[in-house]
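Chemist: need coordinates for the following:
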Amino acid sequence: GGDMGALRGDFGDGVVQLLGAALVLDTRLFKGKCTDLDRALGSAIGYLEGGEASGHAEGRMGELSRAREDVTGLTSSEKLRKDYKRWGEGARAYGIATVPCSVQDWSAHDPQWASEVAAFGSREGVPLVLTMLTFTDAGGEFRRQLLVHSTDAALLEACCAHLEGPDHPAVLEATGEGSLKLQRVG
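Modeler: Numbers count the residues shown, from 1 in each chain. Below you'll find the model as predicted:
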């Protein structure tokens with residue numbers, strides 16, 4: 001309402017848009033952890049109406065989600081880097097990347113994807129790279145695939161054996177020393 005005009009006048013549209021983006025992402029459309037300040041700012045910029053996310057907030061969340069998941073035109077290395085985290089040091093270090101596409105789509109775009117995962121792990125200096133692929137299948141169902149890469153055959157085998165256990169149903173793609181195997185688990 002009126003507060004939004006004041007905020008825009010004080011900070012400009014760009015800052016208000018950034019604030020709105022942070023609010024809808026951090027609070028999960030005001031349904032997750034949400035402080036009184038989050039609610040007050042959300043109301044001031046028209047993202048919160050009567051305690052619920054406004055249509056404007058939901059639209060912004062949709063835009064941000066689509067942008068986060070769009071990997072069109074990215075190289076394999078850029079896809080891996082986009083949402084990458086690293087833990088540990090030396091021989092105990094590993095990296096986890098989340099890539100929003102299926103392995104089938106990725107391989108259609110880049111037939112050398114497996115060697116790109118290996119090169120990425122080498123550049124990062126990690127002996128183990130896990131890549132969680134997230135996508136919606138043709139039937140509209142959300143799916144995940146897990147790629148496991150290691151230059152250390154024993155580490156690869158140990159990781160895959162753990163993931164293939166009864167508590168980890170998944171489609172597991174393991175790459176190691178240039179080989180690829182697909183196993184359906186569960």
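
Chemist: what sits against the residue positioned nearest the centre of the chain?
Modeler: Centre of the chain computed as the mean C-alpha position; nearest residue by CA atoms, centre = their mean is Thr98, 4.5 Å away. Residues near Thr98 by CB atoms under 8 Å, 6 or more residues apart in numbering: 82-83, 131-134. The way it works is simple: take the backbone N, C-alpha and C, and place the C-beta from them, glycine included.

Chemist: how does it look with 7 Å?
Modeler: Taking CB atoms under 7 Å, 6 or more residues apart in numbering, we find Thr98 in contact with 83, 132, 134.

Chemist: and if you look at Val71?
Modeler: 79, 82, 99-101.

Chemist: assumed it was part of a helix.
Modeler: No. Counting by DSSP: H, G, I helix; E, B strand; the rest coil, one finds Val71 to be coil, located in no helix.

Chemist: Gly88 versus that one, what's the distance?
Modeler: Look at Val71 and Gly88: by CB to CB, to the nearest Å, they are 26 Å apart.

Chemist: what does Ala154 give?
Modeler: Plainly put, Ala154 is 17 Å away from Gly88 if you go by CB to CB.

Chemist: okay, the two: which has more neighbours?
Modeler: For Ala154 versus Gly88, neighbours defined as other CB atoms under 10 Å are more numerous around Gly88 (12 against 8).

Chemist: how far away is the more buried one from Pro127?
Modeler: Taken as CB to CB, the span from Gly88 to Pro127 is 10 Å.

Chemist: likewise Arg81?
Modeler: For Arg81 relative to Pro127 (CB to CB), the value is 18 Å.

Chemist: comparing those two, which shows the higher neighbour count?
Modeler: Using other CB under 10 Å, the more surrounded residue of Arg81 and Pro127 is Pro127, with 20 against 15.

Chemist: which residues touch the strand or helix carrying Ala108?
Modeler: According to DSSP states H and E, Ala108 maps onto helix 103-109. Residues outside helix 103-109 that contact it (CB under 7 Å, 6+ apart) are 99, 113, 133, 145, 147, 173.

Chemist: which of those residues fall in strands?
Modeler: 99, 133, 145, 147, 173 (DSSP state E).
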